[in-house]
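Novice: when you get a sec, could you give me coordinates for this:
(2 chains)
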Amino acid sequence: MGKEMLTGNGAAAWGVRLAEVDYIPAYPITPQTEIIETIAKWISEGSMDASFVTMDSEHSMVTAAGAASATGVRVFTTTSSQGLLYGFEMLYTVAGWRVPLVMVNVSRGLSSPITLGPDHNDILALRDTGFLQIHCETCQEVLDSILMAYKLAEDERVLLPVMVNMDGFYLSFTRENVEIPDVGTVRSFLSEYQPEHAFFKAGQPMAQGVAVLGGEFYSYFKYQMHLASQNALDVYKEVCGEFEKKFDRKYGTIEEYMLEDAEYVLVMTNSFSTLGKAAVKRAREKGIKAGLLRLRVLRPFPDPDIKNALKGKKAVAVIDQNISVGKGGIIYSEIGGCLFNEKNRPLLLSFIGGLGGKNISQEEFEFIFDKIVSAVDTEIVEPPYLLYTENEWKDMTKLKETAGKE
Amino acid sequence: MDTATIRSIRELPAEENMLPGTPACAGCGGLLTLRHCLKALGEKIVIVNAAGCFTLLSIYPFTPFKNSWLYTAMACAPAGAQGVRDALDILIKKGKIEPEEDLKVVVLTGDGSAYDMALSSTSGAIYRNLDFYYICYDNEAYGNTGFQHSGATPFASRTATTPPGRTRPVGSQLQKKNLFDIWNSHRPPYLATISPAYPVDLMNKFRKAEQFKGPKLFISHTPCPPGWGFDPSNSVRLAKLSVETGLWPLKESVHGKVEHTFVPKKFKPVEDYLKEQEKFAHLFKPVRQEDTLKSMQEMVNGYWRRYKLLP
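Specialist: Numbers count the residues shown, from 1 in each chain, chains lettered A, B, ... in the order given. Below you'll find the predicted structure:
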């Protein structure tokens, strides 16, 4: 097919088209809507053979998606932020149904205050549902991850839904050069969905989603999900291997940027990692041995890969583009848990930034590196830093004055 | 499905598609309704269920049904039906299953889901002209959680959250929501009220509905022995009384046009129905609440007068 300038949303739509998805229940929300509009247009003009239905809410949308997947077709749906939370009950439910549907979440900060810019409180609220999570930095990655997600979800060792995440605005509306694979190659990578475990048809009655009474039975099914998610770590590596063979693009559970000889490491996710990589380059120019670890797969959590990548590092700064109010950064806690039993574990610092799409400026990255380096010297690690620049403070003060509050 | 009209219970199909031994309460009116519905629908169906009493019919690894089953959640069984129906259509169109392997999609919910939480998802499914059946078993409260007030609870009912007391001697102060009219405002191809005490009427309604593609909706009044407070052996008698007093009109609507399918020759007094149940006992003792009883009779009379069917 060749290369085309695509937004993140456009790349997502191409992923869905190339995966030859059968069914798309949809519901609009900014900044995701371009994905379903693109798909609806292709179906209408006949370039995509799929059924599309606009539902009455995200709760209904996720239900219809799960139910169709449980009936035996390949399903895609997508949402963002408030919509994800509106459908939240059903995300747990359909993951428990063990249906291999794929969703895209276009990250956006959560109300209240209601806003449009991205952060990851929406997607990270999902971390315990059973959905696998792949987080993307580039538009190419969005397209590729959707193809990989179906192969991963439909593998009988996994059978869990997958959520592919991208940042609203910064990625959803940014155009990048994207290689669109041809459908023949995609077919040789991702074969038609043939459900063996969950379907509905006459002659083979099946009860799905049934109740269990008794903690021992409930636990069994929850443990099964956890073990399947753990299986997904190995299956994911196989999928990456095959993907690289077919498409010549290489993905891992994490991306290591200038990490090999680094002493001071940033941990980031999604599109802001691009800012982090630029900051690492600048730090290197100043003689700081900096590197960056980007988490791509957050569920299952790739503990072994993270431990291995951070082995022997002096200090690690986790930049959380989310806030667990009253605790701090969500990914900081997860990395902390991952490294706690390591013998030579690095110091671990926590920074909160980029909430609601707030920029992380060069001076903030400089501040972060100052703090990492000085923490190594003093061996003192402060509580989470809430990133905010002086100019941002001034702008906020102006708004407060206008509101009559100062 | 056999679509010939039947005239007596002797003509009801002998097939049983729900087997005995369920955990439902003794005398459950809803279960009797469901048994008759499944005789009408046959075994090539998938029931899409919402949270309620009947969720406990299928507890791993047991099911009383010969048909398929999908439990969704409380607010979204009609959305689940949309997904299943659309997927079956896709599978048939793409030749992945045979047309004979198709299933009827049947939503099964209580009144808490139908009248309250799933109103939006049901409206959506009817609006989209989804080809499905909806069976609502209406026992007029959140029965499975211990009989709390729902949108289906009638005026003056005791429920666990509208207990009659010194400041509120009447019990529930709100009128039962008119779900029939709410659904009917969408002009579905077929909509009917049914009762477990009138299986011939029920069967004929399902047979009539069969001819329509699109939403086929049924609301059954279903006596609930533990919630309403009566002996389980009286379930059918109470279901019958609710029809004979005019409280539960048996009717149908085809594309929005309403017809009554049974009009009692002589209406029994509403009180005959009320005094059989503990949930209305406060209307009779310690003091008879004359005004309330009168207003309840008047509401029923008003309904039938509107249709010019009151003798």
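
Novice: who does B:Y137 bridge with?
Specialist: Here B:Y137 sits in beta bridges with B:G110, B:S220, as judged by DSSP bridges.

Novice: distance check, it against chain A.
Specialist: 17 Å (Cβ to the nearest Cβ, to the nearest Å). Just so you know, the C-beta spots here come from the backbone N, C-alpha and C atoms, and that holds for glycine as well.

Novice: once you drop chain neighbours, what's closest to B:L130?
Specialist: Distances taken as Cβ to Cβ, 6 or more residues apart in numbering or on different chains place B:Q82 nearest to B:L130, at 5.5 Å, with adjacent residues excluded.

Novice: what number of residues lie near the one you found?
Specialist: 31 (other Cβ atoms under 10 Å in any protein chain shown).

Novice: list the buried residues for the strand or helix carrying it?
Specialist: Here B:Q82 is covered by helix B:77-93, with elements defined by DSSP states H and E. Along helix B:77-93, these residues count as buried under the neighbour rule (16 or more other Cβ atoms under 10 Å in any protein chain shown): B:77-92.

Novice: ok, stretch B:176-185 next?
Specialist: Residues B:176-177, B:179-180, B:182-184 are the ones in stretch B:176-185 that count as buried (16+ other Cβ under 10 Å).

Novice: before we move on, what about stretch A:107-121?
Specialist: Neighbour counts over stretch A:107-121 (16+ other Cβ under 10 Å) mark A:107-110, A:117-121 as buried.

Novice: can you measure across that stretch, start residue to end residue?
Specialist: Across stretch A:107-121, the straight-line distance between its terminal residues is 8 Å, by Cα to Cα, to the nearest Å.

Novice: quick one: mean pLDDT for it?
Specialist: pLDDT averaged over stretch A:107-121 equals 98, rounded to a whole number.

Novice: contacts for it, please.
Specialist: Applying Cβ atoms under 8 Å, 6 or more residues apart in numbering or on different chains, the contact partners of stretch A:107-121 are A:30-31, A:80-82, A:85, A:106, A:122-123, A:125, A:165-170, A:269-271, A:320-323, A:330, A:354-358.

Novice: same question, stretch A:372-386
Specialist: Residues beyond stretch A:372-386 that count as contacts (Cβ under 8 Å, 6+ apart) turn out to be A:264, A:288, A:314-317, A:320, A:328-329, A:332, A:347-352, A:367-368, A:371.

Novice: coming back round to it: looking at the buried residues of stretch A:107-121, which is nearest B:L274?
Specialist: Proximity of those to B:L274, judged by Cβ to Cβ, is greatest for A:L110, which lies at 49.5 Å.

Novice: is that closest one in a helix, a strand, or coil?
Specialist: Using DSSP: H, G, I helix; E, B strand; the rest coil, the three-state assignment for A:L110 comes out as coil.

Novice: ok, now how distant is the closest residue to it other than its chain neighbours from chain B?
Specialist: Closest residue to A:L110 apart from its sequence neighbours, by Cβ to Cβ, 6+ apart: A:N121 at 5.0 Å. With the distance defined as Cβ to the nearest Cβ, A:N121 ends up 23 Å from chain B.

Novice: do the same with A:P25
Specialist: 7 Å.

Novice: what's around B:G302, how many residues?
Specialist: As a burial measure, the neighbour count of B:G302 was computed by other Cβ under 10 Å and equals 11.

Novice: per-residue confidence for it?
Specialist: 97.

Novice: go ahead and list the helix or strand containing residue 43.
Specialist: Defaulting to chain A. helix A:33-45.

Novice: switch to chain B, please.
Specialist: Once you assign secondary structure using DSSP H and E, B:E43 falls outside every helix and strand.

Novice: please tell me I have it right and it contacts B:K66.
Specialist: Yes: with contact defined as Cβ atoms under 8 Å, B:E43 counts as touching B:K66 (4.2 Å).

Novice: so how many other residues sit close to the residue of the stretch 101-250 of chain B found nearest chain A?
Specialist: Of all residues in the stretch 101-250 of chain B, B:G124 sits closest to chain A, with a separation of 3.2 Å (Cβ to the nearest Cβ). Applying other Cβ under 10 Å, we find 23 residues neighbouring B:G124.

Novice: near chain A, which residues of the stretch 101-250 of chain B show up?
Specialist: The stretch 101-250 of chain B comes close to chain A at residues B:101-103, B:120-121, B:123-124, B:127-128, as judged by Cβ under 8 Å from any Cβ of the partner chain.

Novice: show me where the stretch 301-406 of chain A has its strands.
Specialist: With DSSP state E, counting those that start in this stretch, the ranges of strands along the stretch 301-406 of chain A come out as A:315-320, A:347-352, A:385-386.

Novice: any idea of the pLDDT on residue 281?
Specialist: I went with chain A, as the question did not name one. On pLDDT, A:K281 comes in at 98.

Novice: nope, chain B please
Specialist: pLDDT recorded at B:A281 is 98.

Novice: re earlier: just the strands of the stretch 301-406 of chain A: most buried one?
Specialist: Of all those, strand A:315-320 has the most neighbours on average by mean count of other Cβ atoms under 10 Å in any protein chain shown, namely a mean of 26.

Novice: hmm, back to that, now the buried residues of stretch A:107-121 as TSV including distance to A:L339?
Specialist: Converted to TSV, the buried residues of stretch A:107-121 look like this (distance: Cβ to Cβ, whole Å):
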residue	distance to A:L339
A:S107	26
A:R108	30
A:G109	28
A:L110	28
A:G117	31
A:P118	27
A:D119	24
A:H120	20
A:N121	23
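
Novice: return the member of the residues you listed nearest to chain B.
Specialist: Proximity of those to chain B was ranked by Cβ to the nearest Cβ; the top entry is A:L110 with 20.8 Å.

Novice: how about low-confidence regions in the chain?
Specialist: Just so you know, I chose chain A. Across chain A, the ranges flagged by pLDDT under 70 are A:1.

Novice: my bad, the chain I had in mind was chain B
Specialist: For chain B, the stretches flagged by pLDDT under 70 are B:1.

Novice: ok, which stretches of the stretch 151-300 of chain A are strands?
Specialist: Secondary structure of the stretch 151-300 of chain A (DSSP E, counting those that start in this stretch): strands located at A:162-167, A:176-180, A:207-208, A:254-257, A:264-269, A:290-295, A:297-299.

Novice: turn those strands into a markdown table, columns for distance to chain B.
Specialist: What follows is those, written out as a markdown table (distance: least, Cβ to the nearest Cβ, whole Å):
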| stretch | distance to chain B |
| --- | --- |
| strand A:162-167 | 18 |
| strand A:176-180 | 24 |
| strand A:207-208 | 4 |
| strand A:254-257 | 35 |
| strand A:264-269 | 30 |
| strand A:290-295 | 31 |
| strand A:297-299 | 22 |
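
Novice: could you dump these into JSON lines and include mean neighbour count?
Specialist: Supplementary listing: the strands of the stretch 151-300 of chain A in JSON lines, determined by neighbours: other Cβ atoms under 10 Å in any protein chain shown:
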{"stretch": "strand A:162-167", "mean neighbour count": "28"}
{"stretch": "strand A:176-180", "mean neighbour count": "18"}
{"stretch": "strand A:207-208", "mean neighbour count": "22"}
{"stretch": "strand A:254-257", "mean neighbour count": "19"}
{"stretch": "strand A:264-269", "mean neighbour count": "28"}
{"stretch": "strand A:290-295", "mean neighbour count": "25"}
{"stretch": "strand A:297-299", "mean neighbour count": "23"}
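
Novice: CSV for those, including distance to B:N139?
Specialist: Output for these, formatted as CSV (distance: least, Cβ to Cβ, whole Å):
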stretch, distance to B:N139
strand A:162-167, 39
strand A:176-180, 56
strand A:207-208, 24
strand A:254-257, 55
strand A:264-269, 50
strand A:290-295, 51
strand A:297-299, 41
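
Novice: and those strands: which comes nearest A:E141?
Specialist: Between A:E141 and those, the shortest gap by Cβ to Cβ is with strand A:162-167, which sits at 8.2 Å.

Novice: B:N178 versus the residue most central in space within chain B, what's the distance?
Specialist: By Cα atoms, centre = their mean, chain B has its centre lying nearest to B:S220, at 2.4 Å. Computed with Cβ to Cβ, to the nearest Å, the distance linking B:S220 and B:N178 is 16 Å.
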